[in-house]
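I would like to see how this sequence folds:
(2 chains)
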Protein chains: 2
Amino acid sequence: MATTAAIVSIGDELLAGDVENTNASWLGTRLTEFGIDVREIRVVPDEAPTIETTVSDLSQTHTLVLTTGGLGSTPDDITIEAVADALGLPLEPNSEAREHVEAAVTEIREDHPDFRHDIETAARYPASAEIIPNHVGIAPGCICGNVYVLPGIPAEMKAVFEHVANGLEGSITSQTLYTETPESHLNTVLSEVSERFDARIGCYPTGELKRIRIVGEEETAVEDATAWLVRHPNIRRDV
Amino acid sequence: MATTAAIVSIGDELLAGDVENTNASWLGTRLTEFGIDVREIRVVPDEAPTIETTVSDLSQTHTLVLTTGGLGSTPDDITIEAVADALGLPLEPNSEAREHVEAAVTEIREDHPDFRHDIETAARYPASAEIIPNHVGIAPGCICGNVYVLPGIPAEMKAVFEHVANGLEGSITSQTLYTETPESHLNTVLSEVSERFDARIGCYPTGELKRIRIVGEEETAVEDATAWLVRHPNIRRDV
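Coordinates of the predicted model:
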């Protein structure tokens, strides 16, 4: 079985197009590098029932689910409660989370002595959650079962993800080729490579140049398909 | 009932993070400008059953569904068939689509006389589909029921969308305010505005500045909530 992942990006601002969802593409790239097959990205609003249903469904169909966003302290930040509900876990005071939140708040107060933060609420995490430190912001991330809960601010999301990245391992391998041949001239060769080798083939136009991506679980199948493709005129390994 | 929309972005390259999903955020912005409430974005792979299930589900829960991607001519471009299957419509030769495809191919052949394209296949669209011209690329978009099928290449997607944009009408209105007050100091005022007025409130950090977004179906409720918020110190209308 392939290691698959779904990314859930939480936030009305992403749906309204106010913020570009760079988190999902960054995570897509990193997970793909680890050989994990990203099968779905969903952007959902700051609404508890929608987040809960989405996380519950995707955690049952994918090896990993990664959420981003909704870890702040305003009323629309409801990811932690929604993930807890999705997994049927109660929220509990978490001493490790509390230490991280207190340390971050203490640091902010050095420059802004009147800074207020509801530490009790911010230190409540789903029971049995593994806390992931966040050295860039206040709210730590966490792992609950197969769900990784990450902050939404890109710098925080990346820092929290990198804390746990070395524990990730997938089974997918891929190769990329390039060609200037028009898409509509590639049909026969792309259909044939899919039939000959145990690999998925995608073709993506980027201006005059087309990128051919070969993806599979067996490294030899992907390598054989790649070697077979580059024997064709005008299909090559470099840009 | 609010006019709601879901955007379905189709393509393995988006999931692998090879391409930033600027289409979804661009459509999110445009639809929001029309007063349409974008409730979900899904990025799905170039897989017929997944596209079919996604379009079928979302077309039943939202006023509008917009798909982007998968209209090319390589074997991984399967959106048209999948949308037809999702809506239970047969694929049929479409004379209007054929005219558009032939015109585009003729133009390409002026510079590239050996350009080949399977016009028969490219001119098959779901029965009763309304064809949307694509003057930037080869494949026209289409409207099938409440599903708008758009190309994936951003320039083509935008051009095809703009052909039908003037027919879109929503019911949502929104206002944006700005503040430098820390998020955690805004809880009381944001909770209170939600209780006082029939409007959703979001708060989005963008560096030191926080953006407060007020969204609702009743223009007066959104205006009243905005007027109430700007009476608070440090909450203002401009950046």
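
Quick check, residue A:149 in contact with residue A:134.
No: applying C-beta atoms under 8 Å, one finds residue A:149 not in contact with residue A:134, separated by 10.9 Å. (C-beta placed from N, C-alpha, C; glycine too.)

how about the strands in chain A?
In chain A, the strands defined using DSSP state E lie at A:4-10, A:37-44, A:64-68, A:91-93, A:124-126, A:130-132, A:141-144, A:147-150, A:173-179, A:200-206, A:209-216, A:235-236.

How many neighbouring residues does residue A:238 have?
Applying other C-beta atoms under 10 Å in any protein chain shown, we find 6 other residues in the vicinity of residue A:238.

Over to residue A:90?
Close neighbours of residue A:90, defined as other C-beta under 10 Å, add up to 10.

and for residue A:149 and residue A:134, which residues touch both?
Listed as contacting both residue A:149 and residue A:134 by C-beta atoms under 8 Å, 6 or more residues apart in numbering or on different chains are residue A:141.

Compare those two and say which is more crowded by neighbours.
Set residue A:149 next to residue A:134 and count neighbours by other C-beta under 10 Å: residue A:149 wins out with 30 against 24.

ok, now which ones touch the closest residue to residue A:197 other than its chain neighbours?
Of all residues not flanking residue A:197 in the chain, residue A:225 sits nearest, at 3.8 Å (C-beta to C-beta, 6 or more residues apart in numbering or on different chains). Residue A:225 is in contact with A:175, A:193, A:196-197, A:199, A:201, A:214, A:216, counting by C-beta under 8 Å, 6+ apart.

for chain A, which spans come out with low pLDDT?
For chain A, the stretches flagged by pLDDT under 70 are A:1.

and it, what are its domains?
Domains of chain A are assigned by automatic domain parsing as A:4-165, A:173-236.

Minimum distance to residue B:87: which of these has it?
Of all those, domain A:4-165 sits nearest to residue B:87, with 21.3 Å by C-beta to C-beta.

Give me the most central residue, chain A.
Nearest residue to the geometric centre of chain A (C-alpha atoms, centre = their mean): residue A:27, 3.9 Å.

Name the nearest residue to that one, sequence neighbours excluded.
Nearest residue to residue A:27, sequence neighbours excluded (C-beta to C-beta, 6+ apart): residue A:7, at 5.4 Å.

Look up how far residue B:27 lies from that neighbour.
From residue A:7 over to residue B:27 the distance is 19 Å, taken as C-beta to C-beta, to the nearest Å.

Report the buried residues of stretch A:114-134.
Residues of stretch A:114-134 classed as buried: A:117, A:119, A:122-126, A:129, A:131-134 (neighbour count, 16 or more other C-beta atoms under 10 Å in any protein chain shown).

That stretch near chain B anywhere?
Yes: under the criterion of C-beta under 8 Å from any C-beta of the partner chain, chain B is reached by stretch A:114-134 at A:115-118.

Likewise for stretch A:228-239?
No: Stretch A:228-239 lies out of reach of chain B by C-beta under 8 Å from any C-beta, never closer than 12.8 Å.

who touches that stretch?
The contact list for stretch A:228-239 (C-beta under 8 Å, 6+ apart) reads A:177-181, A:189, A:193, A:196-197, A:209, A:212, A:214.

among the domains of chain A, which is nearest residue B:56?
Nearest to residue B:56 among the domains of chain A is domain A:4-165 (15.7 Å), distances taken as C-beta to C-beta.

What is the end-to-end distance of that closest one?
15 Å (C-alpha to C-alpha, to the nearest Å).

Return the distance of it from the chain's centre.
11 Å (C-alpha atoms, centre = their mean, to the nearest Å).

Provide the partner residues of the nearest residue to residue A:96 once chain neighbours are set aside in its beta bridges.
The spatial neighbour of residue A:96 that comes closest, neighbours along the chain excluded (C-beta to C-beta, 6+ apart), is residue A:131 at 4.5 Å. Here residue A:131 sits in beta bridges with residue A:142, as judged by DSSP bridges.

With residue A:38 instead?
Taking DSSP bridges as the rule, residue A:38 bridges to residue A:5.

picking that back up, which residues touch the residue nearest to residue A:96?
The neighbours of residue A:131, taking C-beta under 8 Å, 6+ apart as the test, are A:94, A:96-97, A:100, A:125, A:140-142.

Out of the contacts of stretch A:228-239, which comes closest to residue B:45?
residue A:214 (14.7 Å).

Next, the contact list for residue A:146, please.
Residues counted as contacts of residue A:146 (C-beta under 8 Å, 6+ apart) are A:59, A:62-65.

correction: residue A:8
Contacts for residue A:8 (C-beta under 8 Å, 6+ apart) come out as A:41-44, A:51, A:54-55, A:58, A:65-68.

again, only using 10 Å
Contacts for residue A:8 (C-beta atoms under 10 Å, 6 or more residues apart in numbering or on different chains) come out as A:24, A:40-44, A:50-51, A:54-55, A:58-59, A:65-70, A:79, A:82-83, A:147, A:149-150.

One more: residue A:151?
By C-beta under 10 Å, 6+ apart, the contact list for residue A:151 reads A:23, A:67-72, A:77, A:79, A:132, A:134, A:136-141, A:157-161.

With that, I have no additional questions.
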